[in-house]
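**Student:** Task: produce atomic coordinates for the following.
(2 chains)
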Protein chains: 2
Amino acid sequence: MKSFKPIWTMLIAALLLAAACTDTKAKKSSENKGAINKSSAAEKVYVAPGEYDEFYAFMSGGFSGQVSVYGLPSGRLLKVVPVFSVDGEKGYGFNEETKPLLETSHGFIPWDDAHHPELSQTNGKPDGKYLFINGNNTPRVARIDLSTFETAEIIELPNAGGNHSSPFTTENSEYVVAGTRFSVPIPQTDMSIADYKGKFKGSLSFISVDPEHGHMDVDFQVLMPGFDYDLAHGGKGKSHGWMFFTTYNTEESHTLKEVNASQNDKDYIAAINWKKAKEYIEQGKYKEMDSEYLINRYDEKKHLAESITRKKVRVLDPTECPGVVYFLPTPKSPHGVDVDPTGSYIIGNGKLNANLTVHSFDKMIQAIENKSFADEAYGIPVLNFEDVVAGTVESGGLGPLHTEFDGEGNAYTTFFISSEVVKWKLGTWEVLDRVPTYYSVGHLMIPGGDSKEPWGKYMVALNKITKDRYLPTGPELAHSAQLYDISGDKMELILDFPTIGEPHYAQAIAADIVMNRSKKIYPLEENEHPHVTKSEADARVEKNGNEVHVYMTTIRSHFAPDNIEGIEVGDKVYFHVTNLEQDWDVPHGFSVLGAQNAELLIMPGQTETLLWEPLKPGVFPFYCTDFCSALHQEMQGYLRVSAKGNAPAILASTGD
Amino acid sequence: MKSFKPIWTMLIAALLLAAACTDTKAKKSSENKGAINKSSAAEKVYVAPGEYDEFYAFMSGGFSGQVSVYGLPSGRLLKVVPVFSVDGEKGYGFNEETKPLLETSHGFIPWDDAHHPELSQTNGKPDGKYLFINGNNTPRVARIDLSTFETAEIIELPNAGGNHSSPFTTENSEYVVAGTRFSVPIPQTDMSIADYKGKFKGSLSFISVDPEHGHMDVDFQVLMPGFDYDLAHGGKGKSHGWMFFTTYNTEESHTLKEVNASQNDKDYIAAINWKKAKEYIEQGKYKEMDSEYLINRYDEKKHLAESITRKKVRVLDPTECPGVVYFLPTPKSPHGVDVDPTGSYIIGNGKLNANLTVHSFDKMIQAIENKSFADEAYGIPVLNFEDVVAGTVESGGLGPLHTEFDGEGNAYTTFFISSEVVKWKLGTWEVLDRVPTYYSVGHLMIPGGDSKEPWGKYMVALNKITKDRYLPTGPELAHSAQLYDISGDKMELILDFPTIGEPHYAQAIAADIVMNRSKKIYPLEENEHPHVTKSEADARVEKNGNEVHVYMTTIRSHFAPDNIEGIEVGDKVYFHVTNLEQDWDVPHGFSVLGAQNAELLIMPGQTETLLWEPLKPGVFPFYCTDFCSALHQEMQGYLRVSAKGNAPAILASTGD
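**Tutor:** Numbers count the residues shown, from 1 in each chain, chains lettered A, B, ... in the order given. So this is what the prediction gives:
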């Protein structure tokens, strides 16, 4: 096989050259900015014992597949919410209740790559109801309920190869979107990879969100040319009704993309008029494709997830639906696409560019009305760059990726290669400030920073390279976030904090909005689990053939029953454990020795089920895994397993 | 089934009554201690961006099964080390290389409950070589190599029901120990649970640690009466050669233990003379029991784990080996047993007691020499309480659990029920200070605090109840740690920080000891993985029947090969991916769309293997999951899957 030199060094050399030609005055202002006022920074980030952080920050775990919740400004990790990956700590994906959440049309998937947390919005503002997040590998979108901080739903996306430009929302969470990252044959079929160009396709999914329950479904898909769809953002205010997606690999190359997908001077931002698309759907102008996908919903009263199978999806072909899709030429391999709080500007961050391209929504509408098209691509109109561009930010940076806003008319853009954040002014495109990041920042996040009304105050840089920033932990290092105070004219670095997985993107919300909706327990009287046991008097063991159901209760500090006999090798034992506690923060855990499974971690009022298939005769202890009281160590019982055909009568007792 | 009222309230009432009878003067001194000097505390815990923490703190994940590494005093989470539980983020337990680490004699176990991190010691001081940790559920002990922060070995423990009193070390890590938490029939057999008393047994395992490679094996076990063995600590200095274990349930009850195992006024601390035991072993005075167990070792040059099966274990019966085991009566259900830095005092924390019992090592030896025995239990001599007790700390607290030391002659004990830490003086038993904890502290940790030379300076309280300490996250809350400055006469609370899983116990070590041993990359030239690919020229696909081996390389920013054809449904595809990078902190990830597996996360110079069994024909993208460069999004390829019998010739190309 041929060898290739990394083109990394060539790329940097070319970009350095490009940058040398731009104004570097702003750059110089960043000199001597490394100095930190330690005493002032310490006080700014310190949240004293017993006091609360100002913001919840939801960070994607990236390749961990989960969401981690941090407090800001302290940078403390408040919770890891299991979403796409199994988690033995919470029994997520191991207990019978959550297993269905990770089912897909092609089986159980124990992992995913979760990139973009997106808060649900009302009137363009985060409302604290839900957090959506995409599965980038197996195309899926999850919804976390912020009253419980648990995954409430996961929907699979048909006709997609990966799902990166997702799950960005419209102003009232009418839709969250999902765009195929890697184009593939649609429908999937055995085809030569070399036949990619013109034959592979992309799809953009519009997932409806039920306003009452939050339930998701694929309302429709738009079938697109075989580009890679990278990121997206919804219009706001005047541009509400539109969704913008970046593309790369408009070259449609299928090998060595680091070279072959970086050839075109401009790729596209795809502007989708989803209101118009909806009209076409209502008029029946769609094709119904055979496409199987699952919707997995967790029912909070039944305390379990169930899967719904869909067999068909409605697909729009943009060549048959004029007015739905337009392409805005954007230099050069645009990565992030961000819409300012007023909805007037669409900012394309060409990752192989030095400058930023800002498109004008008004100019785009005007050009569309004028039918002033430069070209078409697979039947989709391409607008003239000059007709839609509002301005260029001569950043002096290298490798722009993402932009967020402070609500004061300023934008903040990350530069991966020059490892910095640049603050600039909307409308004048003037660079106001720049700060280094350590190192190689990807996304950034300002609380509410992609909404109509950002809270501002802080900016978090989500860095891709850590190296020497913390005490070393061998070859593998945590990724790292950096917190900046942006309340003044100049950005001020105040804290470094390591993160779980890859903190790919994050969103933050003022704490009180979520706090006020947060549940403390699950009311036992509302528990509708099919195997709930609501009092110790009902605790029992039922055996049907080789299926054993243990109806078990927990309360400080014993199980009922805690002595179980009558089980034999070959039985399938289902422990349905109900936590009778009704106080906040009194979970109980459950595990049986020799189980081939993870524990249960059962919140007050909840029922969870562990399946155990005993392999050998003997007496096996079970115990509470979560330290619950002074007599927690005594919270245990025994289960007797007999050889097949040798079991005594069922015994289920406590304290006898 | 009968109903039981929680006896929790009764227990508290009884203990409050007991406490009312003790001196409460010291208690009053804790009033008005809630006030925190915020400015001073903020500066004490603040580690400015780019600066390093003073200590590595290794916290058990408790029911997460992992170890989390924090920096002190910042409380920042530096890394989660996967140990006993699968971790999709790192592919741990999913890739072919680490799967064997989680194998046991009864199959693959995806989870455990990890309680006590224990640093290896040389001359009674943490040496920064290894961290041991116990699996409390499936009895196991793991060893983490602190040069890589990766799990290097997991050993299974035969003849044990749970493993809580583990893995405490001797002064030079000659042994780490493991005591069965729940007694069981030994060997396991089908037996009525009601026959527990006298028929169930405990075992205490002495695991040898090879001084050169750290390899563990069970040197011998001591067969014990059917009590529950709770915690342990090794002797130091003059008491080197002894190991002390707490017991509870000396009542040998088998049901409703919260009541039935709390009847005896005194349980025992078991003192084991392991040097004497070793002599018996050398003299051949052991029984060889048929007991299968696995030792799973990760080879850092092969980059993979392999399992060794053992079939027999050497067992000592203490009734046949006089001088090996003595029982020290200790009130009341002793939980922690801690040995002071001089090795003179053995502190028993009777969790249903108000006061602490301190035994004297010298007095114990004298009593043994005098053969002054009060009684015997199953043939094991029980010493007279009065003969061995050195003093009693009238703590004024309720529910003492654990004690650590500052090296200045002071001891610090946690009280779960009264939710506080009490500082007292060794020798005079005088209470010097007390501080509240929020809430219900379990273990505490002082850097080096269970060694011969504690670093002191900080104390961390590991709390079991969180409730209102942080922004709420629904019914499930993170557990919580609190950091106190103990450099002055009075303990001062300076930081609250939430933790991963249950921070059951922790140990900390001065940062430089570990930093100086930390590896940055795996040298590619030393890679001995059986499927390594050391250059792109060697990248290829080999097919044998339905087994496909993809020899793949990664370097910024492409895979070789990145176009693969010739695979068909029913094949088992092994992607052996070698990361050719040799720079620090340049991992690459690997995942294939539609895989029923987690990703690979491959460190520089390392090879990892993902098994994929394609289910359907089509073209499936694969990509790098860890953002590695400006062209990371382009780092991907395609794999074509054909129907069975329909595949074209093997194609493995890049850039063609």
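
**Student:** okay, CA-based contacts and neighbour counts for the rest of this
**Tutor:** OK.

**Student:** And chain B, is the particular helix or strand that has residue A:295 in it touching that?
**Tutor:** According to DSSP states H and E, residue A:295 maps onto strand A:287-299. No: using CA under 8 Å from any CA of the partner chain, strand A:287-299 stays clear of chain B, with a minimum separation of 13.0 Å.

**Student:** Just the CA atoms of the host helix or strand of residue A:413, as CSV, please.
**Tutor:** Here residue A:413 sits within strand A:410-415, counting by DSSP H and E. This file holds the C-alpha atoms of strand A:410-415, laid out as CSV (Å, rounded to 0.1, in the frame of the first residue of the first chain):
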residue,chain,number,x,y,z
ASN,A,410,-20.7,41.0,19.7
ALA,A,411,-19.7,37.7,18.2
TYR,A,412,-17.0,35.3,19.4
THR,A,413,-15.3,32.9,17.0
THR,A,414,-13.0,30.0,17.7
PHE,A,415,-9.8,29.4,15.7
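
**Student:** That strand: partners in the sheet, and parallel or antiparallel?
**Tutor:** strand A:400-405 (antiparallel), strand A:420-425 (antiparallel) (DSSP bridges).

**Student:** returning to that earlier point: tell me what the next helix or strand after the strand holding residue A:295 is packed against?
**Tutor:** Using DSSP H and E, the helix or strand that follows strand A:287-299 towards the C-terminus is strand A:304-316. Identification of packing neighbours for strand A:304-316 by 3 or more CA pairs under 8 Å, 6 or more residues apart in numbering or on different chains; DSSP states H and E yields strand A:216-225, strand A:287-299.

**Student:** Which elements pack onto the longest one?
**Tutor:** Spelled out, that is strand A:287-299. strand A:103-104, strand A:150-156, strand A:304-316.

**Student:** Out of the strands paired with strand A:410-415, which is the most enclosed?
**Tutor:** For the strands paired with strand A:410-415, the largest average neighbour count (mean count of other CA atoms under 10 Å in any protein chain shown) is found in strand A:400-405, namely a mean of 29.

**Student:** from the chain's centre, how far out does that one sit?
**Tutor:** 18 Å (CA atoms, centre = their mean, to the nearest Å).

**Student:** Mind listing the residues bridging to the residue most central in space within chain A?
**Tutor:** In chain A, the centroid-proximal residue (CA atoms, centre = their mean) is residue A:133; its distance is 2.7 Å. Beta-bridge partners for residue A:133, by DSSP bridges, are residue A:142.

**Student:** so who does it touch?
**Tutor:** Shown in contact with residue A:133 (CA atoms under 8 Å, 6 or more residues apart in numbering or on different chains): A:60, A:114, A:115, A:116, A:117, A:118, A:141, A:142, A:143, A:166, A:167.

**Student:** how far away is it from residue A:307?
**Tutor:** Counting by CA to CA, to the nearest Å, the gap between residue A:133 and residue A:307 amounts to 19 Å.

**Student:** re earlier: tell me which of the strands paired with strand A:410-415 lies nearest to residue A:577.
**Tutor:** strand A:400-405 (46.0 Å; CA to CA).

**Student:** before we move on, back to that, so what angle separates the directions of the strand holding residue A:295 and strand A:150-156?
**Tutor:** Orientation of strand A:287-299 against strand A:150-156 (axes from the mean of the first three to the mean of the last three CA atoms, to 10 degrees) gives an angle of 160 degrees.

**Student:** Name the residues that touch stretch A:139-151?
**Tutor:** By CA under 8 Å, 6+ apart, stretch A:139-151 touches A:81-84, A:128-135, A:152-158, A:160-163, A:166-167, A:178, A:180, A:298, A:514, A:517-519, B:473-476.

**Student:** can you put the helices and strands packed on strand A:304-316 in a markdown table and add mean pLDDT?
**Tutor:** Formatted as a markdown table, the helices and strands packed on strand A:304-316 follow (pLDDT from 0 to 100):
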| stretch | mean pLDDT |
| --- | --- |
| strand A:216-225 | 98 |
| strand A:287-299 | 98 |
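
**Student:** Buried deepest among the ones you listed, which one?
**Tutor:** strand A:216-225 (a mean of 22).

**Student:** Tell me the first helix or strand C-terminal of that one.
**Tutor:** Strand A:216-225 is succeeded, C-terminally, by strand A:228-234 (DSSP H and E).

**Student:** Mind listing residues that contact that following strand?
**Tutor:** The contact list for strand A:228-234 (CA under 8 Å, 6+ apart) reads A:164-166, A:168-171, A:179-183, A:202, A:240-250, A:335-339.

**Student:** filter these by proximity to chain B?
**Tutor:** Within these, those near chain B by CA under 8 Å from any CA are residue A:182.

**Student:** could the strands paired with strand A:410-415 be laid out in JSON lines, adding distance to residue A:585 and mean pLDDT?
**Tutor:** JSON lines is the format used below for the strands paired with strand A:410-415 (distance: least, CA to CA, whole Å; pLDDT from 0 to 100):
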{"stretch": "strand A:400-405", "distance to residue A:585": "37", "mean pLDDT": "98"}
{"stretch": "strand A:420-425", "distance to residue A:585": "41", "mean pLDDT": "98"}
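
**Student:** Nearest to residue A:651, out of the ones you listed?
**Tutor:** Nearest of the strands paired with strand A:410-415 to residue A:651, taken as CA to CA: strand A:400-405 at 62.8 Å.

**Student:** Measure how buried residue A:240 is and give me the count.
**Tutor:** Using other CA atoms under 10 Å in any protein chain shown, the number of residues around residue A:240 comes to 17.

**Student:** Next one: it relative to chain B, how far apart?
**Tutor:** Look at residue A:240 and chain B: by CA to the nearest CA, to the nearest Å, they are 29 Å apart.

**Student:** Please apply the same query to residue A:307.
**Tutor:** From residue A:307 to chain B the distance is 18 Å (CA to the nearest CA).

**Student:** ranges for the strands of the stretch 451-600 of chain A?
**Tutor:** For the stretch 451-600 of chain A, applying DSSP state E, counting those that start in this stretch gives strands covering A:458-463, A:480-485, A:492-498, A:506-510, A:540-544, A:547-555, A:558-560, A:563-568, A:572-579, A:588-592, A:600-602.

**Student:** Which among those is found nearest to chain B?
**Tutor:** Ranking the strands of the stretch 451-600 of chain A by proximity to chain B (CA to the nearest CA) places strand A:492-498 first, at 5.0 Å.

**Student:** does any part of the closest one sit near chain B?
**Tutor:** Yes: for strand A:492-498, a contact with chain B is found by CA under 8 Å from any CA, at A:493, A:494, A:495, A:496, A:497, A:498.

**Student:** Just the CA atoms of that strand, as PDB, please.
**Tutor:** Only the C-alpha atoms of strand A:492-498 are listed here, as PDB (Å, rounded to 0.1, in the frame of the first residue of the first chain):
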ATOM      1  CA  GLU A 492     -10.400  37.300  30.800                       C
ATOM      2  CA  LEU A 493      -9.300  33.700  31.300                       C
ATOM      3  CA  ILE A 494     -10.300  32.700  34.800                       C
ATOM      4  CA  LEU A 495     -10.400  28.900  35.000                       C
ATOM      5  CA  ASP A 496      -9.100  25.700  33.300                       C
ATOM      6  CA  PHE A 497     -11.200  22.600  34.000                       C
ATOM      7  CA  PRO A 498     -10.800  19.000  32.600                       C
END
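
**Student:** Can you tell me the SS state at residue A:319?
**Tutor:** Assigned with DSSP: H, G, I helix; E, B strand; the rest coil, residue A:319 falls in the helix class.

**Student:** does it really touch residue A:376, like I thought?
**Tutor:** No: counting by CA atoms under 8 Å, residue A:376 is not a contact partner of residue A:319; they are 10.5 Å apart.
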